[in-house]
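Colleague: Fold the stuff below for me.
(chains A and B)
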Amino acid sequence: MLTQVLVQLVVVVTLMIAVSVALFVGRRRLQVTRTEWRTRLRATAPALAVLTVALLFNSIARQLVPDLSWMIGWNLTWAIYDIEGQFILWLQSFETPAVTAYFSFIYIYGYVFALTFPVVAYFALADTRPLRELLAAYTLNYTLGLVLYVFVIAFGPRNMMPELVEALLYDTYPQYQHLTRQVNRNTNVFPSLHASLATTVTLLAYRTRDQYPTWFYVTLGLGTSIALSTMYLGIHWAIDVLAGLGLAYISVSLARVLVDRWSVSAWIASIRGRDADDDREMDSSSDHT
Amino acid sequence: MLAASVGLSASTSGCLQHVRSIVNRNEVEQLSLTITTLSADGDRESIQLAQDIGATLETAGIDIEIDMQSREAFRRTVLINHDFDIYVGRHPGDIRPDFLYETLHSKFADESGWQNPFGFTNLTFDTYLDRQQRAGGEEREQAVSRTLEALALEQPFVPICVPHEFRLVRTDRFDGWKQGHLATRMGYLGLDPPTTEEAVLRAAHTDSRPSQNLNPLAVEFRNRGLVTGLLYDSLAVPRWSGDGTDAGGGDEETDGVEEDGDRTYSPWLGTDWTWNENENETEAENEEGDERTGNGSGIDTDTDTDTDIELNPDTQLEPTGTLTVTLREDCQFHDGHELTADDVAFTIDFLSDTTRDDSEFPAPSPRYRGHVDPIADVTKQGEYELEFTCTASEPVAKRVLEIPILPAHIWTERTETASIPAITVADGTTEALITENLPPVGSGPFQFENRTQREFVTLERYDEHFTRRESVALPEPSAETLRIRIDPRSTSAIELVESDEADVTSLALESYVVDDVLAAESEREQTSDSDPIEVIESSTGSFYHLGFNARTAPFSNPRFRRVIARLIDKEQLVSDVFYGHARPIAAPVTREWTPDSLAWTGTDPETPFLGTDGELDVEAARAAFEEAGFRYDDEGRLRVRY
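Modeller: The predicted model follows:
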């Protein structure tokens, strides 16, 4: 069942990306990319490597986080519920099968698309900085999010009020349970990574609105839909989403500062240089003794 | 001058004293309590009950907070650390009422596990439990009734309801699902495969804990011990009573049982057992009449009767009889070690103290504690025969037949206190209690193959198991492999069965999907659909309850507990939370053990709800609290002195 859902996901998202590439990227950029892809790849490789390591670490750490959280974390579910109370219920009062279908689609397919398409789109730009910023921002989202998950235990609305907040996604489309539980633990809802990553994409789309003007407007709608879907489906509290927005802002700002701060090629060169320095120092110190 | 200073000091000291006696009085504050319970993923009904009850308590002027925890954390908080005000959850219960002894006896108040998590201590109540523990024959029933009536009076916990269990099975690959209860090992043995090719039995399990830990003693990880029951053998298998509601297993394996006439247990690892009543044991006098006294006045201490054990908690219990058990010969553990009387004797000793007297601080097992408590002594009569000296009546003493037999050669090494460098570990935390026990080595019909955390557990048939022998007519494992797939929700577990990816939902379905499942079933019947899917309903002794931490005020006050009990509309909760698929109860036992005085009559016979149709009569609730000695402030908040 998991493979079936996964295959479906890959097919649908690939189609969405193909259409979007045709719409937003255009033939000219693709042609240039074909000639420049090696250099661009080399430029982004360090950022990509860092992200890969972060994701691998994340997937291992996620197994350990719940145990760690129950030892040292704060259980904030009641505090969150006490503050925002009925908002999720109000949101769910708009429930219709069509809306549920839309938000379920957005939560699964829309989200994966929102995260993957910018990678393709920014790769098609001559300037690799947006792509590197994007990858760095993803890394920061996952890493900072993980730290918060360790310290905050919070169950989502569907766990708190199962009869009022219907777990719309999992009861309407039980097959997705197999997919999401590979990624998410039920105590890790603060902050909403769905919201933070979607916002990250939107913030960066704003910065690249000169290159991709339409894409920015698409991300506005898509990002809002993703954030709403997490609440409408009873998975996140509004506070989780707000925290997600904050996390996105911090990640994007940090990424802006950090990217280009270190250059791997320069670093390698400097190591070589320093090695030479060290040798010289060793020599001189031996002189002293 | 002197006179003036003396006068001054006298007057100031008087004044200070006055101030002190005012200041040193503790503030009377609004009662604020935390309801500890499980998240919806852990137990959907528990959080719903907690939400409903919490809302009612708030109307009655109590400040409420709900602390949701995962399955494992919940059990650790409530059963081991006793760190709660009140909790709502499911008790594993039993088909016979003897579990009440360890659940409520004051001598277990300091232990962990399901033995007295409430910290309820009442010497008079202890005498009822002691009597129930030792009474035989007709007297037993009477003793049980008195315990239950005293329980209804004292409300150390509020029994809420017994849910009906529904499971979905496929009959095209394996059939014969109704032979054993699907919450026990017997449900998965003796199934008929239509062809020999169908070697894999696939269960969809909605609880991931078996994939993390398979220690039969770890109370945080076990519900009723289904998976460990398949891995470990017990001496005998409890038979479900013939009570009409106790469906699903009434007439399992009738063969070989009639001869010894035991209607409560059928043979398993033990082939035979005999009970020898002690001659000199004076039968406790028959109690006559219902001696319960008026509401809220505590339990009547009837001093005129029952002089032997009653009212003296220090009396050493005289042995009541001996139970002689014969083991099946030539049985082995999964690692090839011979299973002998030594292992049985070891297990009983080990369960009562997992340190095996090594340490000053005994560490009894949090599970099966009540089963071994009445065993005063074990003597080996031979390689395959044991004699237990018991301090309880025959039916109670026989509970020892239900414990899992642990291999002595593995568990003797688990008596040390667990240690982590640089961290202080609580006394009594032996390796045995915290080990994941992977791979588990038992002697049961299935042996452990592998697992992936939160994904699956695979068990292989143990071909050497005694049920596989020609000469043994007991249900045997027909599937070569039992693959337990972890699937966290009822809806997706149902989908797995419907799409032929699983044969059975091994845990009961959540109440909110039951109506849909039953509707689908009746639709299949009407359209004579050939879908080989069947709904199995089974009864259970397990019940939902609200537990008080009687170690602290105001929960230590029975009057307070009784008023809280009266704020709970069990009838309404059954229809709201369980969609009617549960039985509201005033006594936490099966129907056949419920005394007439506590039979459900549309309302609670002892602590009726203060209101109608789930709607609390706030005035009546206030009056009840005030009558119990509590006060309200001007804003309608209940105030207590902690």
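
Colleague: how about A:Tyr212, phi and psi?
Modeller: phi -120, psi 80 (degrees, to the nearest 10).

Colleague: For the closest residue to it other than its chain neighbours, list the residues it contacts.
Modeller: Spatially, and ignoring its direct neighbours in sequence, A:Tyr212 is nearest to A:Phe24 (5.5 Å; CB to CB, 6 or more residues apart in numbering or on different chains). Using the backbone N, CA and C atoms, a C-beta is placed for each residue, glycine as well. Counting by CB atoms under 8 Å, 6 or more residues apart in numbering or on different chains, A:Phe24 makes contact with A:Ala121, A:Tyr212, A:Thr214, A:Trp215, A:Val218.

Colleague: can you pull the pLDDT of the fourth one?
Modeller: Pointing back at A:Trp215 there. Reported pLDDT at A:Trp215 in the predicted model: 94.

Colleague: for chain B, which spans come out with low pLDDT?
Modeller: B:1-13, B:27, B:194-198, B:241-262, B:280-316, B:358-359, B:529 (pLDDT under 70).

Colleague: and with 80 instead?
Modeller: For chain B, the stretches flagged by pLDDT under 80 are B:1-16, B:19-28, B:194-198, B:240-263, B:279-317, B:357-361, B:419-428, B:528-531, B:641-642.

Colleague: For it, what lies in contact range of chain A?
Modeller: For chain B, the residues in contact with chain A (CB under 8 Å from any CB of the partner chain) are B:39-41, B:44, B:47-48, B:51, B:65-70, B:72-73, B:453-454, B:487-489, B:491-492, B:494-496, B:499, B:501, B:512, B:576-577.

Colleague: could you flag which of the residues you listed are buried?
Modeller: Buried subset of the residues of chain B next to chain A (neighbour count, 16 or more other CB atoms under 10 Å in any protein chain shown): B:39-41, B:44, B:47-48, B:51, B:66-70, B:72-73, B:487-489, B:491-492, B:494-496, B:512, B:577.

Colleague: So B:Asp67 lies in a strand, does it not?
Modeller: Yes. According to DSSP: H, G, I helix; E, B strand; the rest coil, B:Asp67 belongs to a strand.

Colleague: what's near enough to touch it?
Modeller: Contacts of B:Asp67 (CB under 8 Å, 6+ apart): A:Asn75, A:Trp78, B:Thr34, B:Ile35, B:Thr36, B:Thr37, B:Phe84.

Colleague: residues near the last one, how many?
Modeller: If I follow you right, that is B:Phe84. 25 (other CB atoms under 10 Å in any protein chain shown).

Colleague: How about the secondary structure of B:Thr271?
Modeller: Per three-state DSSP, B:Thr271 ends up strand.

Colleague: Let me know how buried it is, in neighbour terms.
Modeller: Neighbours of B:Thr271 (other CB under 10 Å): 18.

Colleague: Give me the pLDDT value at A:Gly234.
Modeller: 88.

Colleague: my guess is it contacts A:Ile88, does it?
Modeller: Yes. With contacts counted by CB atoms under 8 Å, A:Gly234 reaches A:Ile88, the gap being 6.5 Å.

Colleague: from the contacts of A:Phe24, which is closest to B:Thr320?
Modeller: A:Val218 (80.0 Å; CB to CB).

Colleague: Report the separation between the closest one and chain B.
Modeller: 32 Å (CB to the nearest CB, to the nearest Å).

Colleague: give me every residue that touches that residue.
Modeller: Counted by CB under 8 Å, 6+ apart, A:Val218 has contacts A:Phe24, A:Ala205.

Colleague: part of a helix, is it?
Modeller: Yes. When three-state DSSP is applied, A:Val218 is found to be in a helix.

Colleague: Not counting its neighbours along the chain, what's nearest the one residue sitting closest to the centre of chain B?
Modeller: In chain B, the C-alpha nearest the mean C-alpha coordinate belongs to B:Pro92, at 3.2 Å (CA atoms, centre = their mean). Excluding the flanking residues, the one nearest B:Pro92 by CB to CB, 6+ apart is B:Arg224, at 5.0 Å.

Colleague: I'd say that neighbour and B:Asp94 touch.
Modeller: No. The pair B:Arg224 / B:Asp94 is not scored as a contact, 9.4 Å apart, by CB under 8 Å.

Colleague: Looking at the two, which is more packed in?
Modeller: Shown here are B:Arg224 and B:Asp94; by other CB under 10 Å, B:Asp94 has more neighbours (22 against 17).

Colleague: can you count the residues close to the nearest residue to that one once chain neighbours are set aside?
Modeller: Computed as CB to CB, 6+ apart, the closest residue to B:Asp94 that is not its neighbour in sequence is B:Gly541, at 4.8 Å. B:Gly541 has 22 neighbours, counted by other CB under 10 Å.

Colleague: Also B:Asp83?
Modeller: 12.

Colleague: so where's the stretch 101-250 of chain A uncertain?
Modeller: For the stretch 101-250 of chain A, the stretches with pLDDT under 80 are A:163-185.
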